[in-house]
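Trainee: Sequence plus predicted model, see below.
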Amino acid sequence: MGAYDESYRRSLTDPEGFWLDAATAISWTRPPTRALDDSAAPLYRWFPDGELNTSYNALDRHVEAGHGERTALVYDSPVTDTRRTYTYAELRDEVATFAGALRGLGVGKGDRVIVYLPMIPEAVITMLACARLGAVHSVVFGGFAPRELAARIDDATPKVIVAASCGIEPNRVVEYLPIIAEALALSAHQPERTVVVQREIAPGKLGERDLDWATLVAGAEPADPVPVAATDPLYVLYTSGTTGKPKGVVRDNGGHAVALAWSMSAVYDIGPGDVWWTASDVGWVVGHSYIVYAPLLIGATTILYEGKPVGTPDAGAFWRVLAQHHAKALFTAPTALRAIKKVDPNGEELARYDLSRSFRSLYLAGERLDPETYHWAHDKLGVPVVDHWWQTETGWPIVANPRGLEAMPAKPGSATVPLPGWDVQILDADGTQLPAGEEGSIAIKLPLPPGALPTLWGDDDRYIDNYLSTFDGFYLTGDSGSIDADGYVFVMGRTDDVINVAGHRLSTGSMEAVLAAHPSVAECAVIGVHDALKGQLPRGLVVLKSGVDITEDRLREELVAAVRREIGPVAAFRDVSIVEALPKTRSGKILRKTMRNIADGRPDAIPSTIEDAMVIETLRPILRTP
C-alpha cells in the first residue's frame with residue numbers, strides 16, 4: 001500500500017488518530033486531546049478542547065525558532081512599480097503593532113473587522129492582526145459595489161473597517177472612500193471607525209470617523225497573541241454571486257490551521273524556506289488559504305502580487321515574477337492561463353525568462369481545467385501541471401494530486417484523487433451511490449474534515465438547508481462528475497450545467513473540452529438554452545486566440561463536426577458564436593447561469609462579483625437570437 005492509500009484509508013477509518021497526529025504540526029497553548037466533537041451532528045466541531053492563536057503560529061513561533069530573518073512576504077506590484085520584502089521578524093512586528101492599534105480602537109476577541117483593501121501588504125497585516133487579537137476578519141474585495149458592501153456590513157456587524165484610499169487597475173484608479181460612504185448610508189449597522197491606508201496615487205479625504213493608518217500605527221503599542229478556542233471563528237468570507245442576504249462561510253481557528261499546514265506539505269510539496277506564489281486575491285478563499293495562512297503556517301515565503309496575468313505590462317508578467325523571486329510553485333486559475341495563451345499562444349514571452357533554477361510545478365483550481373489548457377501549460381512550462389478542485393466552503397482541496405505525499409500519474413480532465421479526510425461519492429437523484437464511470441452529483445460523506453466550514457455566520461439552519469439536506473449524511477457540493485475505476489475524480493461543472501437534450505443528460509463541460517481543443521479557440525463556454533422540441537439545446541460561445549484568421553462559418557462547421565465526432569449526434573450541437581470576451585467573476589468563473597437566463601428570456605440579475613459588466617451587454621443580442 002502506497003503512502004497515499006495508507007493515509008487516505010486511515011483518515012476515513014481512524015479520523016481521530018489521523019488528525020490528532022496532524023495537529024502536532026501546530027503550536028497550541030492547550031493541545032487538544034480529542035479530534036472530533038460529534039455531539040451536535042450534523043454540526044461537527046474539530047479539536048473541541050484545543051486552544052491556540054493562528055497569528056502566533058504564522059509568525060511568532062518561526063521567529064522564536066531562530067528563523068526571524070527568513071523572508072516571509074514578498075510584495076510585487078507592477079501597477080505601482082514597487083517591490084518590497086518582509087522577514088518573519090519584520091512582519092511579526094508590523095502585525096503586532098497594528099493589532100495594538102486595533103485594540104486601542106476597542107477591537108477584541110470575537111469582534112468583527114471588515115477588510116476592504118487591494119493586494120497590498122496592509123491586507124495581510126490586517127488579517128493577521130485580527131487573528132492575533134482573536135477578532136474575526138471579513139475580507140471584502142476592494143472596489144466592491146456599495147450595496148454589496150452594505151449587505152456584508154449589516155451581516156457581520158463590524159466594529160471597524162480597514163480600507164485603502166484607492167485600488168489600482170491596469171487602466172484606472174478606483175477610489176474606495178466614496179464607495180464606503182455610500183455603503184454606510186445604505187447599511188443599518190454603523191462601524192465605529194474606518195482606518196484608511198492612504199495611497200500616493202489617490203489619497204482620500206478623511207471624514208470624522210476615519211483614521212489615517214500611518215498616524216494610528218505610529219502611536220500604537222504592540223499586542224501579544226490572544227489564545228482562542230480551536231472552535232472559535234477566525235474569519236467570515238461571503239460567497240460570490242450571493243443574492244439577498246449574504247451567505248457568510250465561517251472558518252474556525254484550530255481545524256483551519258491543522259488542515260492548511262498539512263496540505264502545504266502533502267499536496268503542494270512546499271516546506272520551510274520554499275518560495276510559493278498564489279496568483280489570486282485575498283478577497284477569495286484561495287487568497288485566504290494560500291496567500292496568507294498556509295505558507296506562513298509552515299514557514300515558507302509567500303508572494304503577494306498586485307497585477308494581472310496580462311497587461312501589467314504584458315503576457316510575460318507571471319513568468320517574470322516566477323523567475324525574479326525564484327518561486328518553486330505557482331497556484332492560479334485556469335482562466336489566467338487562458339488569458340496568457342490567448343495573447344501569447346506560442347509562448348514567446350515565456351522564452352524571455354529562465355524558470356529552470358527553481359520552478360517545479362503549476363497548480364490550477366477555481367474552474368474546470370480543460371484538457372487543451374492543460375496540454376498547453378504542460379508543453380510550454382515543462383513541469384507537472386496539477387489540476388485540483390475545492391470550494392470556498394471547504395477551505396482547502398477536496399481532490400488533488402498529493403505530490404508531497406505520493407505523486408500520482410496525471411489524467412487530463414481529472415483533478416486526480418480525493419485527499420485524506422474527504423469521503424467523495426457520486427450519487428444519483430435518490431442518493432444511491434453510482435458505479436465507476438457514471439456521472440451524478442458529487443457529495444461528501446459527513447463529517448467534513450478539519451478546515452471545512454462548520455456552519456454559516458449566524459445561521460445554522462441555513463447551513464443545514466443549503467448543504468446537508470439533499471442527501472442524508474452528506475454535504476452537497478453542487479457539482480456533477482464521476483469517479484473512474486482507478487479512483488480518479490472528474491468534475492464536470494455545476495449540476496445546473498448538466499443539460500437535458502431530448503431526454504439525454506449531457507455535460508456542457510464535456511462539450512467545452514471539445515471546443516477548447518480547436519487550435520483557434522482561446523477559451524469557450526457552452527450553455528443549455530430552452531428548446532420547445534428537445535427541452536434544451538447547447539449553445540457555444542468562443543473567444544479566438546490573438547492573430548487567428550478564420551471565418552465564423554468555417555469555425556462553426558469544424559466545431560460542430562468535432563462535437564459530433566467526440567460526443568455524438570445526440571448532443572444536437574449546431575449553434576456557435578465568436579465573441580470578444582466571456583463574462584466572468586473577478587476570480588475567473590464564467591457566468592454561465594447569467595448567460596443562460598438571458599438566452600431564455602428570464603430575469604438576469606448580474607452578480608456583484610462580475611469583472612466587467614459591459615461584456616454582458618455586448619452579448620445580449622447574440623444570446624437572445626433564437
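Mentor: That came through fine. Numbers count the residues shown, from 1 in each chain.
Trainee: can you give me the mean pLDDT across stretch 89-99?
Mentor: Taken as a whole, stretch 89-99 carries a mean pLDDT of 98.
Trainee: What pLDDT does the model give the residue lying farthest from the centre of the chain?
Mentor: The C-alpha centroid of the chain is most remote from residue 533, which lies 39.2 Å away (Cα atoms, centre = their mean). With respect to pLDDT, residue 533 has a value of 70.
Trainee: Quickly find the element holding it.
Mentor: Assessed by DSSP states H and E, residue 533 sits outside every helix and strand.
Trainee: before we move on, what about residue 538?
Mentor: With DSSP H and E as the criterion, residue 538 is inside strand 535-544.
Trainee: Give me the contact list for the helix or strand following that strand.
Mentor: As assigned by DSSP H and E, the chain's next helix or strand after strand 535-544 is helix 552-566. With contact meaning Cβ atoms under 8 Å, 6 or more residues apart in numbering, helix 552-566 is reached by 511, 514-515, 517-518, 520-521, 540, 542, 571, 573-574, 576-578. C-beta coordinates here come from the backbone N, C-alpha and C atoms, glycine included.
Trainee: Please repeat the previous calculation with a cut-off of 7 Å.
Mentor: With Cβ atoms under 7 Å, 6 or more residues apart in numbering as the test, helix 552-566 has contacts from 511, 514-515, 518, 520, 540, 571, 573-574, 576, 578.
Trainee: Would you convert those into a markdown table that also reports secondary structure and distance to residue 92?
Mentor: Below are the contacts of helix 552-566 laid out as a markdown table (DSSP: H, G, I helix; E, B strand; the rest coil; distance: Cβ to Cβ, whole Å):
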| residue | secondary structure | distance to residue 92 |
| --- | --- | --- |
| 511 | helix | 51 |
| 514 | helix | 51 |
| 515 | helix | 49 |
| 518 | coil | 51 |
| 520 | coil | 52 |
| 540 | strand | 52 |
| 571 | helix | 57 |
| 573 | coil | 57 |
| 574 | coil | 61 |
| 576 | strand | 55 |
| 578 | strand | 53 |
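Trainee: domains of this protein?
Mentor: Domain segmentation of the chain under automatic domain parsing yields 3-307+388-481, 502-623.
Trainee: could you dump stretch 134-151 to CSV, C-alpha only?
Mentor: Coordinates of each C-alpha in stretch 134-151 appear next as CSV, following Å, rounded to 0.1, in the frame of the first residue of the first chain:
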residue,chain,number,x,y,z
GLY,A,134,-9.0,36.7,18.4
ALA,A,135,-11.1,39.1,16.3
VAL,A,136,-12.9,37.9,13.3
HIS,A,137,-12.0,39.4,9.9
SER,A,138,-14.2,39.5,6.9
VAL,A,139,-12.4,40.5,3.7
VAL,A,140,-14.5,42.2,1.0
PHE,A,141,-13.0,42.9,-2.4
GLY,A,142,-11.6,46.4,-2.6
GLY,A,143,-13.9,48.3,-5.0
PHE,A,144,-16.9,46.0,-4.4
ALA,A,145,-20.2,47.7,-5.1
PRO,A,146,-21.7,49.9,-2.3
ARG,A,147,-24.9,47.8,-1.9
GLU,A,148,-23.0,44.5,-1.7
LEU,A,149,-20.6,46.1,0.9
ALA,A,150,-23.5,47.4,2.9
ALA,A,151,-25.1,43.9,3.0
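Trainee: circling back: hmm, which of the contacts of helix 552-566 are the buried ones?
Mentor: 511, 514-515, 518, 520, 540, 571, 573, 576, 578 (16 or more other Cβ atoms under 10 Å).
Trainee: So for these, which is the shakiest by pLDDT?
Mentor: residue 571 (81).
Trainee: Show me where the stretch 101-250 of the chain has its strands.
Mentor: 112-116, 136-139, 160-164, 166-169, 172-175, 193-197, 210-212, 228-229, 233-238, 248-252 (DSSP state E, counting those that start in this stretch).
Trainee: With distance to residue 319 added, can I get those in CSV?
Mentor: Putting the strands of the stretch 101-250 of the chain into CSV (distance: least, Cβ to Cβ, whole Å) gives the following:
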stretch, distance to residue 319
strand 112-116, 30
strand 136-139, 28
strand 160-164, 28
strand 166-169, 21
strand 172-175, 25
strand 193-197, 30
strand 210-212, 38
strand 228-229, 41
strand 233-238, 30
strand 248-252, 33
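Trainee: Residue 299: which of those strands is closest?
Mentor: Among the strands of the stretch 101-250 of the chain, the nearest to residue 299 by Cβ to Cβ is strand 233-238 (19.2 Å).
Trainee: pLDDT of the closest one, averaged?
Mentor: 97.
Trainee: same check, this time on stretch 179-191
Mentor: pLDDT averaged over stretch 179-191 gives 96.
Trainee: one step back: how about residues contacting the strand holding residue 538?
Mentor: Residues contacting strand 535-544 (Cβ under 7 Å, 6+ apart): 342, 499-502, 508, 511, 515, 520-531, 559, 571-573, 575-582, 599.
Trainee: Same check on stretch 129-140?
Mentor: 53-55, 95-96, 98-99, 102-103, 107-116, 126-127, 149, 152, 156, 158, 223, 225-226, 228, 232-237, 282-283.
Trainee: Tell me which of those residues fall in helices.
Mentor: Among the contacts of stretch 129-140, the residues falling in helices (DSSP state H) are 54-55, 95-96, 98-99, 102-103, 126-127, 149, 152, 156.
Trainee: Most widely separated two among those residues?
Mentor: So, these by Cβ to Cβ: farthest apart are 96 and 149, at 28.4 Å.
Trainee: And residue 460, how far from residue 293?
Mentor: 25 Å (Cβ to Cβ, to the nearest Å).
Trainee: what about the two, which has more around it?
Mentor: residue 293 (30 against 13; other Cβ atoms under 10 Å).
Trainee: Contacts only, for the more buried one.
Mentor: Applying Cβ under 7 Å, 6+ apart, one finds that residue 293 lies in contact with 58, 260.
Trainee: how would you label it: helix, strand or coil?
Mentor: Secondary structure assignment for residue 293 (DSSP: H, G, I helix; E, B strand; the rest coil): helix.
Trainee: In which helix or strand does the residue nearest to residue 455 when sequence neighbours are not counted reside?
Mentor: Closest residue to residue 455 apart from its sequence neighbours, by Cβ to Cβ, 6 or more residues apart in numbering: residue 463 at 4.6 Å. Assessed by DSSP H and E, residue 463 sits inside helix 460-463.
Trainee: quick one: that helix to chain centroid distance?
Mentor: 22 Å (Cα atoms, centre = their mean, to the nearest Å).
Trainee: What strands line up against the helix or strand just after that helix, and which way round?
Mentor: Sequence-wise, the next helix or strand downstream of helix 460-463 (DSSP H and E) is strand 474-483. Sheet pairing of strand 474-483 (DSSP bridges) gives strand 440-445 (antiparallel), strand 489-494 (antiparallel).
Trainee: Can you convert the ones in helices among the contacts of stretch 129-140 into CSV and add a column each for distance to residue 135 and neighbour count?
Mentor: Converted to CSV, the ones in helices among the contacts of stretch 129-140 look like this (distance: Cβ to Cβ, whole Å; neighbours: other Cβ atoms under 10 Å):
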residue, distance to residue 135, neighbour count
54, 11, 30
55, 10, 27
95, 13, 27
96, 14, 23
98, 12, 26
99, 9, 29
102, 7, 27
103, 9, 19
126, 10, 29
127, 10, 28
149, 19, 26
152, 16, 24
156, 11, 24
